[in-house]
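Student: Whatever this is, show me its structure:
(chains A and B)
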Number of protein chains: 2
Amino acid sequence: MPRSDVTTLPVALDTRAYDIHIASRLIDAPAAYAGAIAGRHVLIVTNETVAPLYQARVMATLAEAHEVDTLVLPDGEATKSMATLDIITTRLLENRCGRDATIVALGGGVIGDLAGFAAAIYQRGIDFVQVPTTLLAQVDSSVGGKTGVNHPLGKNMIGAFHQPRRVLADIDVLDTLPAREFSAGMAEVIKYGLIRDPAFFDWLEANMPAIMARDPACIVEVIRRSCANKTEVVVADEREAGERALLNLGHTYGHALEAELGYGVWLHGEAVAAGMCMAADTSRRLGWLDDAQVARIEAVIAAAGLPIIPPPEVSAARIHDLMYRDKKMSAGALRLVLLKDIGHAVLERDYGATLAATLERYLAA
Amino acid sequence: MPRSDVTTLPVALDTRAYDIHIASRLIDAPAAYAGAIAGRHVLIVTNETVAPLYQARVMATLAEAHEVDTLVLPDGEATKSMATLDIITTRLLENRCGRDATIVALGGGVIGDLAGFAAAIYQRGIDFVQVPTTLLAQVDSSVGGKTGVNHPLGKNMIGAFHQPRRVLADIDVLDTLPAREFSAGMAEVIKYGLIRDPAFFDWLEANMPAIMARDPACIVEVIRRSCANKTEVVVADEREAGERALLNLGHTYGHALEAELGYGVWLHGEAVAAGMCMAADTSRRLGWLDDAQVARIEAVIAAAGLPIIPPPEVSAARIHDLMYRDKKMSAGALRLVLLKDIGHAVLERDYGATLAATLERYLAA
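Tutor: Numbers count the residues shown, from 1 in each chain, chains lettered A, B, ... in the order given. Sure, this is the predicted structure:
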């Protein structure tokens, strides 16, 4: 029985459909979980940062109808490992959880990817409910079913597609999110406008001050429209060919920046933000965007508290090399996601010398 | 281009269809792999027993068109672990394998489960081709998509459903299979006749001498008809509810025997064989089978070189306890797969005192 003030977005995948609920005061509303948890056993997987803030409330809410245990993991990317996966599955077995157990992933992207993957492989697949506690996780990890862990030789190299049973995007939890992380999440939000939703881009441009002031109605709309856009992309392309690649706007540039700066120096969203500006510049050099459009893109990104240029000490040659190393290991030239227009991204390999010109403009010789 | 002497069985699952090829001289026929390996990179995963026999032939066949590496693992159930999984994924990454790489699982059930699971989770899923080298793997692991590894707290507790791209059941590789393992595979073959294919049971009864003499045409028919039966069950019930449970005929009794005797003392197929006789006895006590039918079942099982009774020292009370512990950890009474007739299995919980009577007949006080 959804509350009238809960925005519900159905994600209608072929095999497993689920709903994203977006509202205030979701995480301790029993109704939010109703119908999403089939069995008796629940394991909440969370981290040391989120647990003191929200774990007790989720636990108390679920304990009315379920046998609930909580696993609190260290915060940070290093937790996304096979070793941590083993900790989760061991706890499930120690608790004698069967196939009707449910994992509740309470945290950001690391917790969602890790706990989702544990759910994917425990007894060949059990249910999980995602309770994302960062804006990035709410707009990005809520849709697509990608779960997994890192390998010492590569990020996200081990994983599975596994859809959650439900996603609860509680906008109140963003109150405890640092401003810098909120902005990083906004990079992915702006991305949806740029790649496929020009009206959403216009709306973001008009409403950025209210969004940055965390106006609740605006935040709900930010999450809903981002998830709706990602859902359309993923439903059309569940196994990641074609359109899904467009979700990587700014990411090829951004991954190279992250790697060169050292992971964690810039947040992923910050690197993507600067990367999107660079992709816009390359698109301008191809004659697809004009100067005014590039200026609008930069202005929206800057208004979200995000960087529009990389740090000046990074060298163009290094970023060029890293971009080519970043490409998927299968054969073929480096393809870039570029913009034919605001709201119209394409995957392009015939960008000639424009990439080099962009790197020279933005980076040190 | 299939050879005219290759029996091909299509496994038409919703999401991923594939073929089982059954014939002599398959493993070194380039045509057997044609169309099943998309990319350049191939990793053969095999074990120390199988490698000296067949690895070079498979490698030479594939090396004509692919970049082939081989990973040789220790033989035995202990290899089916997360630690070995890590060895496989590390090798794939060291070889810079992308999403178009293919794993070839060359071995029995352990190799198939392990290599199939590695394929399921490497970069969220790559292709694998199964080349089963035991009769059990050819008739049992070829269909169903179950992959996985053991956890110290339970067998097959970590895994995924992942369908192979093709299965190559080369009957010649059975020439090097010890007689005891061949018989163990026959237990699962007889099971298909008992649970759903009375004509196949009649055929097995009539042809058991030729089968045990490894007559090639009979072996092809044994594999084809077993896989066809399992395919029908799995297609109807891909996510393992309902009919798929009937595949466990004899297994609840058998698992308890294996556990009590110590894993590896009896082969799985041997325990299942005695378990099927006990299930037949319970069914007789319910009035579903008559004495003559039970005698036919025992005769076929014995003719396949399999035990029809457990070792005399095993106690009825221990087996009873272990059977109840074996049941899936979700709520509910212990349900047994029993026989309404030869070729007609049912899942039954209302067997009353007949189970205890069977255990008392077959086991020590």
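Student: Strands of the stretch 51-200 of chain A, start to end?
Tutor: Ranges of strands within the stretch 51-200 of chain A are A:67-73, A:102-107, A:127-132, A:146-151, A:154-161, A:166-170, based on DSSP state E, counting those that start in this stretch.
Student: winner for burial among these?
Tutor: Neighbour counts (mean count of other Cβ atoms under 10 Å in any protein chain shown) averaged over each of the strands of the stretch 51-200 of chain A peak at strand A:102-107, with a mean of 29. (C-beta placed from N, C-alpha, C; glycine too.)
Student: mind checking how far that one is from the chain centre?
Tutor: Between the centre of strand A:102-107 and the centre of its chain there are 16 Å (Cα atoms, centre = their mean, to the nearest Å).
Student: Which strands border that strand, and is each parallel or antiparallel?
Tutor: strand A:41-47 (parallel), strand A:127-132 (parallel) (DSSP bridges).
Student: now the strands of the stretch 51-200 of chain A as CSV including mean pLDDT?
Tutor: Listed next are the strands of the stretch 51-200 of chain A as CSV, based on pLDDT from 0 to 100:
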stretch, mean pLDDT
strand A:67-73, 98
strand A:102-107, 98
strand A:127-132, 98
strand A:146-151, 96
strand A:154-161, 93
strand A:166-170, 97
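Student: For those, give me CSV that also has distance to A:Asp113.
Tutor: Formatted as CSV, the entries for the strands of the stretch 51-200 of chain A read as follows, by distance: least, Cβ to Cβ, whole Å:
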stretch, distance to A:Asp113
strand A:67-73, 12
strand A:102-107, 9
strand A:127-132, 10
strand A:146-151, 5
strand A:154-161, 7
strand A:166-170, 14
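Student: Quick one: closest of the ones you listed to A:Cys277.
Tutor: Across those, A:Cys277 has its closest neighbour in strand A:154-161 (23.4 Å, Cβ to Cβ).
Student: list the helices and strands the closest one packs on?
Tutor: helix A:109-121, strand A:146-151, helix B:82-94, helix B:109-121 (3 or more Cβ pairs under 8 Å, 6 or more residues apart in numbering or on different chains; DSSP states H and E).
Student: Double-check that A:Pro311 belongs to a strand.
Tutor: No. Assignment of A:Pro311 by DSSP: H, G, I helix; E, B strand; the rest coil gives coil, placing it outside any strand.
Student: Ramachandran coordinates for it?
Tutor: Dihedral angles of A:Pro311 (phi, psi; degrees, to the nearest 10) stand at phi -60, psi 140.
Student: ok, it to A:Leu363 distance?
Tutor: Computed as Cβ to Cβ, to the nearest Å, the A:Pro311 to A:Leu363 distance reads 9 Å.
Student: wait, what's in contact with A:Leu289?
Tutor: Counting by Cβ atoms under 8 Å, 6 or more residues apart in numbering or on different chains, A:Leu289 touches A:Ala280, A:Ser283, A:Ile297, A:Leu339, A:Asp341, A:Ile342.
Student: SS state for the first one?
Tutor: Just to be clear, that refers to A:Ala280. A:Ala280 - assigned by three-state DSSP - is helix.
Student: And the pLDDT for it?
Tutor: We have a pLDDT of 97 for A:Ala280.
Student: Surely it touches A:Arg296?
Tutor: No. A:Ala280 is beyond contact range of A:Arg296, at 9.3 Å (criterion: Cβ atoms under 8 Å).
Student: about what we covered before: please go through the contacts of A:Leu289 and note which also touch chain B.
Tutor: Contacts with chain B within the contacts of A:Leu289, as defined by Cβ under 8 Å from any Cβ of the partner chain: none are present.
Student: which among the residues you listed end up buried?
Tutor: Neighbour-count burial (16 or more other Cβ atoms under 10 Å in any protein chain shown) applied to those gives A:Ala280, A:Ser283, A:Ile297, A:Leu339, A:Ile342.
Student: Give the buried residues for stretch A:280-289.
Tutor: A:Ala280, A:Asp281, A:Thr282, A:Ser283, A:Arg284, A:Arg285, A:Leu286, A:Trp288, A:Leu289.
Student: Of the strands paired with strand A:102-107, which is nearest A:Ala169?
Tutor: Taking the strands paired with strand A:102-107 one by one with Cβ to Cβ, strand A:127-132 is closest: 6.1 Å.
Student: just to revisit the earlier point, can you redo the helices and strands packed on strand A:154-161 as CSV with distance to B:Ala179?
Tutor: Below are the helices and strands packed on strand A:154-161 laid out as CSV (distance: least, Cβ to Cβ, whole Å):
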stretch, distance to B:Ala179
helix A:109-121, 36
strand A:146-151, 42
helix B:82-94, 28
helix B:109-121, 18
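Student: Now flag whichever of the contacts of A:Leu289 is closest to B:Leu347.
Tutor: Relative to B:Leu347, and with distances defined as Cβ to Cβ, the nearest of those is A:Leu339, at 58.1 Å.
Student: Can you get me the start-to-end distance on stretch A:168-185?
Tutor: 17 Å (Cα to Cα, to the nearest Å).
Student: ugh, wrong one, stretch A:305-323
Tutor: 25 Å.
Student: Distance from the chain centre to that stretch, please.
Tutor: The answer for stretch A:305-323 is 22 Å, by Cα atoms, centre = their mean.
Student: Kindly report the same for stretch A:173-187.
Tutor: Worked out by Cα atoms, centre = their mean, stretch A:173-187 lies 12 Å from the chain centre.
Student: which parts of it are buried?
Tutor: A:Val173, A:Leu174, A:Leu177, A:Glu181, A:Phe182, A:Ser183, A:Ala184, A:Gly185, A:Met186, A:Ala187.
Student: The fourth one contacts A:Leu267, correct?
Tutor: Okay, so that is A:Glu181. Yes. With contact defined as Cβ under 8 Å, A:Glu181 counts as touching A:Leu267 (6.8 Å).
Student: Near A:Val222, how many residues? Count them for me, please.
Tutor: 26 (other Cβ atoms under 10 Å in any protein chain shown).
Student: What score does it have for pLDDT?
Tutor: On the pLDDT scale, A:Val222 gets 98.
Student: Same check on A:Ala364?
Tutor: pLDDT at A:Ala364 comes out at 86.
Student: Enumerate every residue touching the nearest residue to it once chain neighbours are set aside.
Tutor: Of all residues beyond its chain neighbours, the one nearest A:Ala364 is A:Ser315 (5.0 Å), with distances taken as Cβ to Cβ, 6 or more residues apart in numbering or on different chains. Contacts for A:Ser315 were tallied using Cβ under 8 Å, 6+ apart; they are A:Leu363, A:Ala364, A:Ala365.
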